[in-house]
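Novice: Can you look at this prediction? I've put the sequence above it.
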Amino acid sequence: MKNTTTISIDLAKTVFQVALFNKYGVLKSNNKMSQSKMVQFIAQHPEALICMEACGTAHFWGRRFQKSGHRVLLVPAHIAAKYRTGNKNDANDALAIYEAIKRPKTYFVQVKNLDQQDLASLLKLRQGYIKQRTQTVNRIRGLGLEYGIKIPKSIAKVRKNLPYFLEDAENELTTSSRFILRDLLDQLLLLDTQVDNATNALLTRAKEIPVCSRLTALPGVAWIIASALYARLGDGSAYKCGRDASASVGLVPANSGTGGNNKLLGITKRGDRSLRSLLVHGARSIVSRIKDKQDGLSCWIRDQLSKNHLNKTTVALANKLVRMAWAILKSGEDYRAPLAQ
């Protein structure tokens, strides 16, 4: 592929800002277009380099343009914003995206394929239901306290104890408060069903993807974590090394320095918060069950525990899991357990 034209697009729902640059980087046009006109315009420039901000609909358009033979680069929104000059408007945003791709250290977001998009959407659906369920439980406990009803923490205890309080005629619950709590309980039970349905749909879809099956061979990684890793990392080609993959999930130390003095801080906590949480929980389950195992990974964990706190060791293992997952995705090979040193 020989790219002679670069097209920078500021995406939107109906009106798109499209900037055209020739092979020398000279701006030839920067106009607003409808979706149909944008598609016609891009068709007039075959094998172009198309750059867009990694935002809503970016992966859809990325897949579509790649099928037409174009090369696609998705720029993270926070990076594109650094190169904007003047006021924020569509025309300046399109120019900023082009400026960002010219910088040698700019990293790009890989265009998700349909398998990744399905997994990412199902994960978001499941996370949304879980968040709503937590909010509903908090509303139940908070409202109950206003009437002297103290429901113990945890979803299971709310599900178990609330019906008894509703049937108790001697407490201070009024007709209105009973109606509200009963309605919230119905919402909680519905959300339980929705979480289960979303989880089953996610597991079914993940089991249809061979690479997810390979990822489940990693210690502490089951289908949900495997699907989240594949949805995030893809085939691993967007990262130069395993550390870059770990950095994208926020599991590497931050650092601060001046005058040649650099200091390592806690982990950056950047990127996908949900995936990071899943990985840490998976790593914690491994750390808590090593006992007297003599495989290489268990020996490494025991060595870390002898020098570091349990939580620090857990995060270090989560970091290692991302690196091993990246190696599997990048090489296409199966997981090989490390030997004892």
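Specialist: That came in fine, so what should we check first?

Novice: Next, the nearest residue to Leu188 once chain neighbours are set aside: secondary structure please.
Specialist: Distances taken as CB to CB, 6 or more residues apart in numbering place Thr136 nearest to Leu188, at 5.1 Å, with adjacent residues excluded. Just so you know, the C-beta spots here come from the backbone N, C-alpha and C atoms, and that holds for glycine as well. Three-state call for Thr136 (DSSP: H, G, I helix; E, B strand; the rest coil): helix.

Novice: For Thr136, give me its contacts.
Specialist: Shown in contact with Thr136 (CB atoms under 8 Å, 6 or more residues apart in numbering): 184, 187-188, 191.

Novice: out of these, which one sits closest to Ala19?
Specialist: The nearest member of the contacts of Thr136 to Ala19, counting by CB to CB, is Leu191 at 45.2 Å.

Novice: Now for the nearest residue to that closest one once chain neighbours are set aside: which residues touch it?
Specialist: Spatial nearest neighbour of Leu191, excluding adjacent residues (CB to CB, 6+ apart): Arg133 at 4.2 Å. By CB under 8 Å, 6+ apart, the contact list for Arg133 reads 155, 188, 191-192, 195.

Novice: tell me the centre residue of this protein?
Specialist: Nearest to the geometric centre of the chain sits Asp272, at 3.7 Å (CA atoms, centre = their mean).

Novice: was I right about that one contacting Leu251?
Specialist: No. Judged on CB atoms under 8 Å, Asp272 makes no contact with Leu251 at a distance of 10.4 Å.

Novice: ok, and what's touching stretch 300-313?
Specialist: 286-287, 290, 316-317, 338, 341.

Novice: Serialize these to JSON lines and add fields for neighbour count and pLDDT.
Specialist: Listed next are the contacts of stretch 300-313 as JSON lines, based on neighbours: other CB atoms under 10 Å; pLDDT from 0 to 100:
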{"residue": "Ile286", "neighbour count": "20", "pLDDT": "95"}
{"residue": "Val287", "neighbour count": "21", "pLDDT": "95"}
{"residue": "Ile290", "neighbour count": "17", "pLDDT": "89"}
{"residue": "Ala316", "neighbour count": "18", "pLDDT": "95"}
{"residue": "Leu317", "neighbour count": "23", "pLDDT": "96"}
{"residue": "Pro338", "neighbour count": "14", "pLDDT": "75"}
{"residue": "Gln341", "neighbour count": "7", "pLDDT": "44"}
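
Novice: Closest to Leu279 out of those?
Specialist: Leu317 (8.8 Å).

Novice: I'd guessed the closest one sits against His281; true?
Specialist: No. The pair Leu317 / His281 is not scored as a contact, 11.3 Å apart, by CB under 8 Å.

Novice: What about Thr57, how many residues nearby?
Specialist: Number of residues near Thr57 (other CB atoms under 10 Å) recorded here: 13.

Novice: ugh, wrong one, Ile7
Specialist: 22.

Novice: beta partners of it?
Specialist: Beta-bridge partners recorded for Ile7 (DSSP bridges): Leu20, Ile50.

Novice: Show the pLDDT at it.
Specialist: Listed pLDDT for Ile7 reads 97.

Novice: can you pull out the helices in the stretch 101-250 of the chain?
Specialist: Remark: helices assigned in the stretch 101-250 of the chain by DSSP state H, counting those that start in this stretch are 114-145, 155-167, 175-207, 210-215, 223-233, 242-248.

Novice: angle of the longest one against helix 155-167?
Specialist: On the basis of axes from the mean of the first three to the mean of the last three CA atoms, to 10 degrees, helix 175-207 is oriented at 150 degrees to helix 155-167.

Novice: Buried ones in helix 175-207, by neighbour count?
Specialist: Neighbour-count burial for helix 175-207, counted by 16 or more other CB atoms under 10 Å, picks out 177, 180-181, 184-185, 187-188, 191, 194-195, 198-199, 202, 205-206.

Novice: Ok, the fourth one next?
Specialist: The neighbour-count criterion (16+ other CB under 10 Å) identifies 211-212, 214-215 as the buried residues of helix 210-215.

Novice: Which elements pack onto that helix?
Specialist: Helix 210-215 is packed against helix 223-233, helix 310-331, with contacts defined by 3 or more CB pairs under 8 Å, 6 or more residues apart in numbering; DSSP states H and E.
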